[in-house]
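Participant: Pasted the sequence and its predicted model underneath.
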Amino acid sequence: MELILSAIAAGGLVGVSDQYLSLLIISIASRTGIIELAPPMQFMSTYWFMSIVAVFWILSNAPAYASLLSPGAMHVVNTISNFLHGFVVPFSSAIIALATAGIIANLNPELRQMLETLKIFTSAGEIGATGYLISGASAVAGTSLTALRAVTKPALSASTGSTGGAAAPTYATLENIMSIVMMGLVLLLSRINPWLLVALFALSVLAVLGILIYAIYQMHKLKRGIGKVLELTQTHPRAGLAIIAEFFIWGSGWFAWNIWARGTIMFLAWVLAIAIAFALAPVLAATSAAFPPFGFLAILLGIILFSSIGLGTSKALLKYLAQIGYEADNVKNKPEQIENKQPNL
């Protein structure tokens, strides 16, 4: 159990790091003889694997730093890049978890026999049943923490006012630093006591949750984002409730303020998203029966995508209402005022 939980925790730490740099650090450590990987994972020390990971590391970081030069366009590119690379997180977590299991076993001779006894790796040099279990659990842990971190970023940016072009490279730098720190701790704690990896993962989850709670509190305190919406539900209920409704049913908030063109587009997009979800449900159910973690990951990614679009259109509505004023008669009785104040949507 010590070996299994420690390996899962190590893979889960990808969630607070840059996944590609984490893989690269393990690969370099193996290549230089600092650590010894189990035979099925020794492909990580090959030059072809290191080259592929290095290329993906550069591709995933470049848009973030390029946003300093072109904040508008590169912010969109960076957002798309983060979303696409998010699909790789489960595999990165699984690989690091399996690599860590071999590292721990090789550092602790009394655990070496457990690799075969627990069927993590078989005598034929293949991944065993328990190895796949560790991979799946680690993929869930890493993806969950990555999703939590993805939610924390915009909340923290909004609460601190750091939503400009410097936000993306700042987060990218912090993630790279965390990769060095976390993977260094994985190698160090594996030598001292593998149970410390479990404690480190738990502390990482608590830290991200703490930052998220702090950010939401600051947003409420500074009347930004969620805090502003909560205030509106009390001072201008129609505006506040329209923004909340827009998050769940795209277009409904715009309809409430007679913005029919934008509302129709967003509502049709919402209908299309729901239709796609229902169409894919049987496929996801069948695939999840063969590989249970896949279903969880698919649902999690779907929620993230749905929430991102909902937040985007709600934010646009909030900005619109802030510029024209929140009173209902601004829309109904003062069209010329709207024409003069209406922002580019």
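Facilitator: Sure, I can see it.

Participant: Ala54 belongs to a strand?
Facilitator: No. According to DSSP: H, G, I helix; E, B strand; the rest coil, the state of Ala54 is helix, so it is not within a strand.

Participant: Counting neighbours, what do you get for it?
Facilitator: For Ala54, the count of nearby residues is 16 (other C-beta atoms under 10 Å). Placement of C-beta: from N, CA and C, glycine included.

Participant: Repeat that for the one 3 residues further on.
Facilitator: As a burial measure, the neighbour count of Trp57 was computed by other C-beta under 10 Å and equals 20.

Participant: Look up how far Phe49 lies from it.
Facilitator: Plainly put, Trp57 is 12 Å away from Phe49 if you go by C-beta to C-beta, to the nearest Å.

Participant: Val186 now?
Facilitator: Val186 sits 18 Å away from Phe49, going by C-beta to C-beta.

Participant: Compare the two (neighbour count), which wins?
Facilitator: A direct count of neighbours by other C-beta under 10 Å for Val186 and Phe49 places Val186 higher, at 28 against 18.

Participant: That one contacts Ala7, correct?
Facilitator: No. Assessed by C-beta atoms under 8 Å, Val186 is found out of contact with Ala7, at 10.1 Å.

Participant: Mutual contacts of the two, please.
Facilitator: Thr100 (C-beta atoms under 8 Å, 6 or more residues apart in numbering).

Participant: all helices for the stretch 151-300 of the chain, in order.
Facilitator: Remark: helices assigned in the stretch 151-300 of the chain by DSSP state H, counting those that start in this stretch are 167-192, 195-222, 226-235, 237-248, 252-256, 260-290, 292-324.

Participant: Mean pLDDT added to these, as CSV?
Facilitator: Shown next, in CSV, are those (pLDDT from 0 to 100):
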stretch, mean pLDDT
helix 167-192, 87
helix 195-222, 80
helix 226-235, 71
helix 237-248, 85
helix 252-256, 90
helix 260-290, 81
helix 292-324, 74
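
Participant: Let me know which of the ones you listed is tucked in deepest.
Facilitator: Greatest average neighbour count among these goes to helix 252-256 (a mean of 22), per mean count of other C-beta atoms under 10 Å.

Participant: List the neighbours of that helix that are in contact with it.
Facilitator: Here helix 252-256 makes contact (C-beta under 8 Å, 6+ apart) with 238, 241-246, 260, 262-263, 266-267, 313-314, 317.

Participant: Just the closest of those to Leu107, please.
Facilitator: For those, the residue nearest Leu107 by C-beta to C-beta is Ser314; the value is 49.9 Å.

Participant: distance of the closest one from Thr233?
Facilitator: 13 Å.

Participant: what residues do the two have in common as contacts?
Facilitator: Residues touching both Ser314 and Thr233 by C-beta under 8 Å, 6+ apart: Ile244.

Participant: Next, Ile127: phi, psi?
Facilitator: phi -80, psi 130 (degrees, to the nearest 10).

Participant: what residues are up against it?
Facilitator: Contacts of Ile127 (C-beta under 8 Å, 6+ apart): Pro40, Leu98, Ile120, Phe121, Ser135.

Participant: switch the cut-off to 6 Å
Facilitator: Taking C-beta atoms under 6 Å, 6 or more residues apart in numbering, we find Ile127 in contact with Pro40.

Participant: With the one 4 residues further on instead?
Facilitator: When contacts are counted by C-beta under 6 Å, 6+ apart, Gly131 touches Ile120.

Participant: So which bits of the strand or helix carrying it are buried?
Facilitator: If you go by DSSP states H and E, Gly131 is part of helix 129-160. The neighbour-count check on helix 129-160 (16 or more other C-beta atoms under 10 Å) flags 130-159 as buried.

Participant: Over to stretch 61-74?
Facilitator: By 16+ other C-beta under 10 Å, the buried positions in stretch 61-74 come out as Asn61, Pro63, Ala64, Ala66, Ser67, Pro71, Met74.

Participant: from these, which single one is nearest Met178?
Facilitator: Asn61 (13.4 Å).

Participant: which residues does that closest one contact?
Facilitator: Ala172.

Participant: so which helix or strand takes in it?
Facilitator: Here Asn61 is covered by helix 47-66, with elements defined by DSSP H and E.

Participant: And the next helix or strand past that helix?
Facilitator: With elements assigned by DSSP H and E, the helix or strand that comes after helix 47-66 is helix 71-86.

Participant: Quick one: list the elements packing against that next one.
Facilitator: helix 47-66 (3 or more C-beta pairs under 6 Å, 6 or more residues apart in numbering; DSSP states H and E).

Participant: What degree of burial does Asn78 show, as a neighbour count?
Facilitator: Look at Asn78: counted by other C-beta under 10 Å, it has 24 neighbours.

Participant: thought it was touching Ala64?
Facilitator: Yes. The criterion here is C-beta atoms under 6 Å, and Asn78 meets it with Ala64 at 5.2 Å.

Participant: Residues in contact with both of the two, list them for me.
Facilitator: Joint contacts of Asn78 and Ala64 (C-beta under 6 Å, 6+ apart) are Ala168.

Participant: got the angle for the helix holding Asn61 vs helix 71-86?
Facilitator: Helix 47-66 runs at 150 degrees relative to helix 71-86, counting by axes from the mean of the first three to the mean of the last three C-alpha atoms, to 10 degrees.

Participant: contacting residues for Ile96?
Facilitator: Contacts for Ile96 were tallied using C-beta under 6 Å, 6+ apart; they are Ala10, Gly11, Val14.
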